[in-house]
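Participant: need coordinates for the below:
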Amino acid sequence: MGTRLLEAAILLSLVAVLQAFAIEKKGDMFKKMACPAFLMFENAAYLADMTFELPCRCKPEEASSVVWYFQKNLHSHETTVLTDFNGTVVVDSSHVRAGSDLLKRFSIRMFSLIVFRAQVRDSGHYLCGTKEGLFFYGYDVDVQPTRQITVAFLDNDQHVQKDYTKKEFTLFTTFWDWTSCDRCGVRGEQRRIGLCYVQSAQLNPRYRTALPNVTSCGSRAVPARFRRLIHLRSPEVAIRSCLAPCPETEVPEEGVQSISNIVYKLGKKPQLPRVPIQYHRQPSQSDLVITCPGARPEHAVAWDKGSVRLYRSHYLVGVRKHMRVFIDHGNHLHLQRVSRRDRATYFCWREGELVAGFQLSVTFQPRRQRSPTDPESIFVMRAVGISFAVITGIFFLIHVSRCCCQAFRKPARL
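Facilitator: Have a look, this model is predicted:
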């Protein structure tokens, strides 16, 4: 017994030493990378509604906290401070809404800036520094829009955009890796997001890129005279079908399985939900947006209405002109002008796994009998009375005019 305790104590001490070494190694990250003598901006491109993280890659050893600054244009007098001056701003990403102000959509963790559900207006310069105004590191962030995004369904023999070449620059698309299959056991879909990039020898050298003379289309490194032509190209998404097997599930215990079999023989096998179900009531003729829990725009997400698969080939926004039910590029399910036929349980798949259900019921406003003293009733009666008086006055005026005309036209008797 004493030997086992000694072995456990030695093991715990080794784990503590390894953890301390890991923390010390993480703390030395800033010592290994010296801050540049001349501030440069690292290019980073994202799609709208995505969440991105910008690490402060270097800082002086004596700095215990950092301040993040945002400038739409370099050397602009309008600068937004993104911090509480302690480097401890925390935001619950589940409560972040698209379109809200940048000051409500950021968080600072371990000197890194996290922006939730980025919008196109968040494009610009992000600088890491001190509250005294000393800058250590900078980013040139390009958030590309999804409204003009080009979609290619490869199963329908559609193709991605070709490169656009001019004398001084070339426009092309850089694709991310294919997502995993968004469903398992049945036909699913895969997405591949592509962002617009430009290659030119006339880029601003102050902006650092992964490849020489290559940057994203919305970068401030692109000369102003090119930006008008660059807007001719948009980001794109490629979609194809896929089929992936489901992972093996745990077999229920013997007692539970036998009880289930007995109930099944009686013809009353219970329909136990396999995923958490959320219940929601929505007023009729209102709009509803459903979000898959824990999902981001870059994840593989799919939606089902009961047993009906809502494939992007039919329900992706922009596939048809007038769509009441559609899936946007942020993986949200939209129901516009909710009606009685929308009552159902909607299931959400994330990374090929069924994760949640959303049971929707539609409510209708009860009809209320109006009394003569209601403001609406008084307004209607007043409007009807005024209209009747005006029409009656016009009627009498017309008849009086006709009588006068006939009296003047009648010839005088001798």
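
Participant: and A45, what does it touch?
Facilitator: For A45, the contacting residues are V141, D142, V143, Q144, L195, Y197, S216, G218, S219, by CB atoms under 8 Å, 6 or more residues apart in numbering. (C-beta placed from N, C-alpha, C; glycine too.)

Participant: possible to save those residues as CSV with pLDDT?
Facilitator: Listed next are the contacts of A45 as CSV, based on pLDDT from 0 to 100:
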residue, pLDDT
V141, 94
D142, 94
V143, 93
Q144, 92
L195, 94
Y197, 94
S216, 93
G218, 90
S219, 91
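
Participant: from those, which land in strands?
Facilitator: The strands, defined by DSSP state E, take in V141, D142, V143, Q144, L195, Y197, S216 from the contacts of A45.

Participant: relative to the whole chain's centre, how far out is stretch 71-86?
Facilitator: 24 Å (CA atoms, centre = their mean, to the nearest Å).

Participant: Provide a PyMOL selection command restricted to the buried entries of the contacts of A45.
Facilitator: Only the buried entries of the contacts of A45 go into this PyMOL selection, using 16 or more other CB atoms under 10 Å:
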select buried, resi 141+142+143+144+195+197+216+218+219
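
Participant: closest one of the contacts of A45 to S241?
Facilitator: L195 (23.5 Å; CB to CB).

Participant: hey, what's that closest one bridged with?
Facilitator: L195 has the following beta-bridge partners by DSSP bridges: T174.

Participant: what about R324, neighbour count?
Facilitator: 13 (other CB atoms under 10 Å).

Participant: list the contacts for it?
Facilitator: R324 touches L335, Q336, R337, counting by CB under 8 Å, 6+ apart.

Participant: now distance to L54 too, for the contacts of A45, in JSON lines please.
Facilitator: Output for these, formatted as JSON lines (distance: CB to CB, whole Å):
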{"residue": "V141", "distance to L54": "7"}
{"residue": "D142", "distance to L54": "13"}
{"residue": "V143", "distance to L54": "12"}
{"residue": "Q144", "distance to L54": "17"}
{"residue": "L195", "distance to L54": "17"}
{"residue": "Y197", "distance to L54": "19"}
{"residue": "S216", "distance to L54": "15"}
{"residue": "G218", "distance to L54": "16"}
{"residue": "S219", "distance to L54": "15"}
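
Participant: can you give me the strands for the stretch 1-150 of the chain?
Facilitator: 41-47, 52-54, 67-71, 79-82, 106-109, 112-115, 124-129, 135-144, 150-153 (DSSP state E, counting those that start in this stretch).

Participant: what segments of the chain are helices?
Facilitator: 2-27, 29-32, 224-230, 254-265, 312-315, 375-409 (DSSP state H).

Participant: output stretch 293-305 in CSV with nothing but the alpha carbons.
Facilitator: In CSV, the C-alpha atoms belonging to stretch 293-305 read as follows (Å, rounded to 0.1, in the frame of the first residue of the first chain):
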residue,chain,number,x,y,z
PRO,A,293,-25.9,25.2,-31.1
GLY,A,294,-22.1,25.5,-31.1
ALA,A,295,-21.9,25.9,-34.9
ARG,A,296,-19.8,28.5,-36.8
PRO,A,297,-20.0,29.5,-40.4
GLU,A,298,-17.0,27.4,-41.3
HIS,A,299,-18.5,24.3,-39.8
ALA,A,300,-20.4,21.6,-41.7
VAL,A,301,-24.0,22.2,-40.7
ALA,A,302,-27.2,20.7,-42.1
TRP,A,303,-31.0,21.1,-41.3
ASP,A,304,-33.9,18.7,-41.4
LYS,A,305,-37.6,19.4,-41.1
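
Participant: now G330. Nearest residue, chain neighbours left out?
Facilitator: Residue nearest to G330 in three dimensions, not counting chain neighbours: D49, with 3.7 Å by CB to CB, 6 or more residues apart in numbering.

Participant: returning to that earlier point: nearest to I239, of the strands of the stretch 1-150 of the chain?
Facilitator: Of all those, it is strand 150-153 that lies closest to I239, at 5.3 Å by CB to CB.

Participant: mind giving me the packing neighbours of the closest one?
Facilitator: strand 236-243 (3 or more CB pairs under 8 Å, 6 or more residues apart in numbering; DSSP states H and E).

Participant: partner strands of the strand it packs on, with direction?
Facilitator: Counting by DSSP bridges, strand 236-243 is paired with strand 150-153 (parallel), strand 187-199 (antiparallel).

Participant: distance to Q365 added to these, as TSV?
Facilitator: Below are the strands paired with strand 236-243 laid out as TSV (distance: least, CB to CB, whole Å):
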stretch	distance to Q365
strand 150-153	38
strand 187-199	38
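
Participant: what about the closest residue in space to W303 that isn't next to it in sequence, neighbour count?
Facilitator: In this structure, W303 finds its nearest non-sequential neighbour in L310, 4.5 Å apart by CB to CB, 6+ apart. Applying other CB under 10 Å, we find 17 residues neighbouring L310.

Participant: against P60, how distant is L310?
Facilitator: With the distance defined as CB to CB, to the nearest Å, L310 ends up 52 Å from P60.

Participant: quick one on the thing from earlier: possible to save the strands of the stretch 1-150 of the chain as a markdown table with distance to L397?
Facilitator: Converted to a markdown table, the strands of the stretch 1-150 of the chain look like this (distance: least, CB to CB, whole Å):
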| stretch | distance to L397 |
| --- | --- |
| strand 41-47 | 68 |
| strand 52-54 | 73 |
| strand 67-71 | 69 |
| strand 79-82 | 67 |
| strand 106-109 | 70 |
| strand 112-115 | 70 |
| strand 124-129 | 68 |
| strand 135-144 | 67 |
| strand 150-153 | 65 |
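
Participant: W349 is nearest to which of those strands?
Facilitator: Of the strands of the stretch 1-150 of the chain, nearest to W349 by CB to CB is strand 150-153, at 19.1 Å.

Participant: contact partners of that closest one?
Facilitator: 158-161, 234-240, 313, 316, 318-319.

Participant: hmm, 6 Å instead?
Facilitator: With CB atoms under 6 Å, 6 or more residues apart in numbering as the test, strand 150-153 has contacts from Q158, V160, S234, E236, V237, A238, I239, S313.

Participant: about what we covered before: and the pLDDT for the residue nearest to W303?
Facilitator: Per-residue pLDDT puts L310 at 95.

Participant: state the distance from it to R324.
Facilitator: In this view, L310 and R324 are 13 Å apart by CB to CB.
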